[in-house]
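> A structural model of the following input is requested.
(chains A and B)
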Protein chains: 2
Amino acid sequence: MTSESTFIGLMRAMATDPAARDLLDDCAVISLGSENLILTHDMMAEDVHWLPSADPADVAWKLVASNLSDLAAKGARPLGVLLGFMLGEDSWDRAFAVGLHKALSHFGVALLGGDTVANRGDKRALGLTAIGAATCAPVPSRGGAMPGDLVYVTGTLGDALAGFELIEAGFDEVGPLATAYNRPEPRLAEGQLLAPLVHAMMDVSDGLLLDAERLANASKMGIAIDLSKIPLSPAYINYRGDALESRLQAASWGDDYQLLFAISPEIQIPVAAQAIGCVTQGAGLILFDGDKALPRPATLGYQHQ
Amino acid sequence: MTSESTFIGLMRAMATDPAARDLLDDCAVISLGSENLILTHDMMAEDVHWLPSADPADVAWKLVASNLSDLAAKGARPLGVLLGFMLGEDSWDRAFAVGLHKALSHFGVALLGGDTVANRGDKRALGLTAIGAATCAPVPSRGGAMPGDLVYVTGTLGDALAGFELIEAGFDEVGPLATAYNRPEPRLAEGQLLAPLVHAMMDVSDGLLLDAERLANASKMGIAIDLSKIPLSPAYINYRGDALESRLQAASWGDDYQLLFAISPEIQIPVAAQAIGCVTQGAGLILFDGDKALPRPATLGYQHQ
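Residues are numbered from 1 along each chain as shown, chains lettered A, B, ... in the order given. Below is the predicted model:
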């Protein structure tokens, strides 16, 4: 099978419009009149992004949340979504529709259109396009971090990882960790407050460390992260403790949907966020545990196939 | 399996934003500042929309063309597309990428972003979102046809039907009929010229008669169509003749990607198009062969499952 990176390489040759941002960003940014439009399209597939036993309403929620999280990273105000839906078993489809309605109502986002295709007995693949309006200009990207910037992350990390493990093991379908996995809350309000202030921003969907390295690379800078600063929830600490290994796991698993951003140390942060490192001259990611430099882990996050 | 109409019924409950146009139109129309944005998302699936033996470059072309045809029906200027791609066999994916590049270059449209998902050995499903800017206001819809309007269609009908049959039978991979099936040309230029003038417009993708009935229903009017006026190409006439049965088939098969529109008889038509009927008080579709009224055929077009 073609790898994602190979295919994106093929696509980059035809993504020459500046709006495509070289396919290196979370969203496309189209200038139209005095407005900047933000567009993203995320897909999810059965057995890849959700277990066959998953609640269809949770699948719908995550499909919406993962796309809105991309808009949040641009500080965009969502305008609506279009759904690409593969039809299947009737009760699943109805439960998905109910869950989609609930998710869209929760986030105050309208369904604007889409398409369906018949299913010939295959595993489902779903797609969602989200469109938003920028609330500031320029629209932040992954590039632009400056030496001396502080690096922050909103919320806590690792909850979705713990939730996934608990669900897989047959426990805890309703606790805060399972909820973090099944019903992530994209940081739309925080994104709008941060967008005019940050030098670089992205959402954390594939693991903090992997995404931080992407932000560093897009900015042509280095990023130093202190793992002792990784924000953990009480529920996560109760589940796995807060030792270095536990923090490393929380920082290298996906589905957090928090915002990671680089910002001048002189700026007062208008949202709840934890400083976890800083931007440096140089390249790539350097990890510390307090004062102690750490070797690079084998895995920084979820690498798509 | 859930039927498309049942699922769209479920979706309509959450498509309350006026931009969604009650999911009855080809596109969503979002007002933003002084601009109207046009958005559409179409999916295609293996064994449903293309034969497994199809050239991946043709699949790419049709995915682009079917979405751009929706923009054409709004008179929109395309701004770009986002691709949702299910990865698979390497040579197929590369041929698809080459074909996509060729199609996007042909139509002068940029790839702006998208997403890929891994494939677990299933049949492929692909999605494309196209975004355009309206070139006039108000943006035409399927509704709005007025009694006494003439009904026109651009181009010729039935070529894609004949092309499909020839390809299925193992003939004629390169002639004009096969090309009409494999490489449709959405009527973007015609759409922009017509949009400020028409009362109602849509693209013909599921069969002229079915789509004309949809336009009649959306307009809460009747439409009378004279099958003797259905425009046929010399290649189609050579293939199947131009008797009534042949015209009826040409008018009830999909993949034509022509524009169907209702317009005041006082307006000079700025594009090549054939008058095929008129809008009436009443409801639904009435067919004639010249002066002779015809019974309603069992099938008006391609009904999605």
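> and the gap between the nearest residue in space to residue A:72 that is not next to it in sequence and residue A:185?
Excluding its sequence neighbours, the residue lying closest to residue A:72 (CB to CB, 6 or more residues apart in numbering or on different chains) is residue A:191, at 3.6 Å. C-betas here are computed from N, CA, C, even on glycine. For residue A:191, the distance to residue A:185 equals 12 Å [CB to CB, to the nearest Å].
> More neighbours: these two, which one.
Counted by other CB atoms under 10 Å in any protein chain shown, residue A:191 and residue A:185 do not tie: residue A:191 has more neighbours, with 29 against 18.
> Next one: that one from chain B, what distance?
Separation of residue A:191 from chain B (CB to the nearest CB, to the nearest Å): 18 Å.
> Check residue A:223 too.
24 Å.
> Helix or strand: which one has that residue?
strand A:222-226 (DSSP states H and E).
> List the buried residues for that strand?
A:222, A:223, A:224, A:225, A:226 (16 or more other CB atoms under 10 Å in any protein chain shown).
> likewise stretch A:53-71?
In stretch A:53-71, the ones that count as buried by 16+ other CB under 10 Å are A:55-71.
> Same question for stretch A:281-300.
A:285, A:286, A:287, A:300.
> same thing with stretch A:236-251?
So stretch A:236-251, judged by 16+ other CB under 10 Å, has buried residues A:236, A:237, A:239, A:240, A:246, A:247, A:248, A:249, A:250, A:251.
> From those residues, which land in helices?
When the buried residues of stretch A:236-251 are checked against helices (DSSP state H), the matches are A:236, A:237, A:239, A:240, A:246, A:247, A:248, A:249, A:250.
> Looking at those, spot the one nearest chain B.
Of all those, residue A:249 has the smallest distance to chain B: 23.2 Å, by CB to the nearest CB.
> Dump the ones in helices among the buried residues of stretch A:236-251 into TSV; add distance to chain B as well.
As requested, those are exported to TSV (distance: CB to the nearest CB, whole Å):
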residue	distance to chain B
A:236	28
A:237	33
A:239	29
A:240	28
A:246	29
A:247	29
A:248	26
A:249	23
A:250	25
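> which among these gets closest to residue B:168?
residue A:249 (54.2 Å; CB to CB).
> what residues are up against that closest one?
Residue A:249 makes contact with A:158, A:161, A:240, according to CB atoms under 8 Å, 6 or more residues apart in numbering or on different chains.
> that older thread, would you reformat the ones in helices among the buried residues of stretch A:236-251 as TSV and include pLDDT?
Putting these into TSV (pLDDT from 0 to 100) gives the following:
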residue	pLDDT
A:236	97
A:237	97
A:239	95
A:240	96
A:246	97
A:247	97
A:248	96
A:249	95
A:250	97
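> Which positions in the stretch 101-250 of chain A make contact with chain B?
A:101, A:104-105, A:110-120, A:122-123, A:125, A:127, A:129, A:131, A:133 (CB under 8 Å from any CB of the partner chain).
> which of those residues are buried?
A:101, A:104, A:110-119, A:122-123, A:125, A:127, A:129, A:131, A:133.
> Next step: those residues restricted to strands.
Secondary structure from DSSP state E places A:111, A:112, A:113, A:114, A:115, A:116, A:117, A:125, A:127, A:129, A:131, A:133 of these in strands.
> could you show me where the helices are in chain A, in order?
A:4-12, A:56-73, A:90-107, A:159-168, A:176-182, A:188-194, A:208-219, A:234-240, A:244-250.
> Could you dump the ones you listed into a markdown table and include distance to residue B:21?
Converted to a markdown table, the helices of chain A look like this (distance: least, CB to CB, whole Å):
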| stretch | distance to residue B:21 |
| --- | --- |
| helix A:4-12 | 31 |
| helix A:56-73 | 21 |
| helix A:90-107 | 17 |
| helix A:159-168 | 36 |
| helix A:176-182 | 32 |
| helix A:188-194 | 25 |
| helix A:208-219 | 37 |
| helix A:234-240 | 44 |
| helix A:244-250 | 44 |
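> Let me see the contact set for the nearest residue to residue A:96 once chain neighbours are set aside.
Spatially, and ignoring its direct neighbours in sequence, residue A:96 is nearest to residue A:56 (4.1 Å; CB to CB, 6+ apart). Neighbour list for residue A:56: A:92, A:93, A:95, A:96, A:99 [criterion: CB under 8 Å, 6+ apart].
> so which of those residues is the most crowded?
residue A:96 leads these on contacts (other CB under 10 Å) with 26 neighbours.
> how about low-confidence regions in chain A?
Low-confidence segments of chain A (pLDDT under 70): A:172, A:303-305.
> how is it carved up into domains?
Domain ranges of chain A: A:4-134, A:150-294, per automatic domain parsing.
> can you count the residues close to residue A:89?
For residue A:89, using other CB under 10 Å, the count is 13.
> The closest residue to residue A:101 other than its chain neighbours: how many residues sit nearby?
Using CB to CB, 6+ apart and skipping the chain neighbours, the partner closest in space to residue A:101 is residue B:14 (4.7 Å). Other residues lying near residue B:14 total 22 when counted by other CB under 10 Å.
> Alright, I will stop here.
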